[in-house]
Each structure stands twice: as C-alpha cells, then as structure tokens.
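Engineer: coordinates for the following, if possible.
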Amino acid sequence: MEAEVAAALWQVEAAFVAHPARDVLESCTPRQGPVVLADADPLALALGLGTTIGAPDDVRALTPWLLRAVVTDDRVDLHSVLSRIAVFWESWTTRERAAVRDFVDTLWVALLDRHPGPFVDLPVATATSFLDDASGLGDGPSRLLGIWEYKDTASADHHLAELIIDAHYGARVEEIVVAWTRARPQRERLERAADRDRDEPWAGDLGAALDLLASNPN
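Structural biologist: Sure, this is the predicted structure:
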C-alpha cells in the first residue's frame, strides 16, 4: 500500500478510536443469522451496514474498516462506502468527518500524481470516475477541483485532458466540473501542457482536449 494512503488510513483509525467495532452484528434480513465481523463479506457490509446489518452506530465504528476495504477489495467501490457514511455522519464529530474527507483527498492526490493507471492501491483509475465516486459523500466537487488547480504536474494535466474527452463522449460529469474545465485557467494549463509534452505519448489527448474546448467555448 502506498505510504500516503496508509498514513491516511491510520489517521482515520485514530479519529474513530473512541468507537470500537463490535465482533458480532445482528442481521435484519430474514433467515440470516448474526454477522461475525471477522468473517463478513466487505461488499455486503458496504451495502447494508446500518440498515440490514447492524445499527447506525456500527457505521461509525466500522468506518475505518470500510475505507480500508476500498483500497484492499476491488469489489468494494468508493461511492458505495461514502454514500453509506453520508447517511449517518450528521452527528459525528468534526474530527471524524475531517478524517474521512482527508482520506478521500489523499486518494485524489495519489491519483492525480499517477498516470497512466490503474494502480493497485487506488480504487479508480481516472479523474472522471473518482469525481463521480466521491460525490457519494455529498460535499460537491469544489474541494477536489481546488486541489487539482494546485497539482502542476504532467499526470494531473493528462487526467484533465481525459476528463474533457470523457465528458464530451457522454461520461457522467457534473455541470460544475464541466464549467470548471472550460474556464480560462484550465485552457491555459492545457496549452502549456501541450507545448511541454508535445513529444510524449499522451500529446494526442492534450491536443484533442484543447480542440474540444475550442469547439465548446461556453
């Protein structure tokens, strides 16, 4: 596991230390007995914790467990886990909610710093899919876009070009993100990247993204 991701998980565990997880959770599904945490299916918990499995307080106690599953079990998607957390986290402490957001931000930075993907330690391979998954938390994309603006790297530029292309061909991208990509700073950023990386394998993606922005000025 990448060091920065491991550190973010440690911070999550520290934030939730006052809420130890139960070893056995009750099941509200007919004909299903108690769920032993050590033997539990991570995907089943991500989809049912707090409703059909266990109680709302178990979501809080198992948040570190769920977030770890995101980066260790490829069946557990980030959107499902964040959506599950968002249902119950209104009464959580500021520190607990900040730890979850910091974990998401750490994954985001790790993605922007790497291209091409996928990478074993990251739940998604593209900025397009990450922004869609992160929307499960209900925060909106502004914080993640702000981080992107400060990532002045070739990999982050390549992700930007790919997102513009993905959006053009029908990928699910929020209007606020589309508007951000069309703003002058992002256009100028891609122009600099295209000039800098003209001989790189991804130069075609940069050029294609600039052409799409030119054809969609608004």
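Engineer: which secondary structure element of the chain has the lowest mean pLDDT?
Structural biologist: strand 35-36 (a mean of 86; mean pLDDT, DSSP states H and E).
Engineer: so what are the sheet partners of that one and their directions?
Structural biologist: Its sheet considered, strand 35-36 pairs with strand 24-25 (antiparallel) by DSSP bridges.
Engineer: ok, residues contacting the helix or strand hosting residue 185?
Structural biologist: According to DSSP states H and E, residue 185 maps onto helix 184-196. With CB atoms under 8 Å, 6 or more residues apart in numbering as the test, helix 184-196 has contacts from 149, 154, 157-158, 160-161, 180, 203, 206-207, 209-210, 213. The C-beta positions use only the backbone N, C-alpha and C, and glycine is treated the same way.
Engineer: which SSE is immediately downstream of it?
Structural biologist: Following helix 184-196 toward the C-terminus (DSSP H and E): helix 203-215.
Engineer: what's the angle from that following helix to helix 184-196?
Structural biologist: 150 degrees (axes from the mean of the first three to the mean of the last three CA atoms, to 10 degrees).
Engineer: what are the buried residues along helix 203-215?
Structural biologist: 203, 205, 206, 209, 210, 212, 213 (16 or more other CB atoms under 10 Å).
Engineer: by contact count, what packs against it?
Structural biologist: helix 154-168, helix 184-196 (3 or more CB pairs under 8 Å, 6 or more residues apart in numbering; DSSP states H and E).
Engineer: would you mind finding the most buried of these?
Structural biologist: Comparing the helices and strands packed on helix 203-215 by mean neighbour count (mean count of other CB atoms under 10 Å), helix 154-168 ranks first with a mean of 22.
Engineer: many thanks, I have nothing further to ask.
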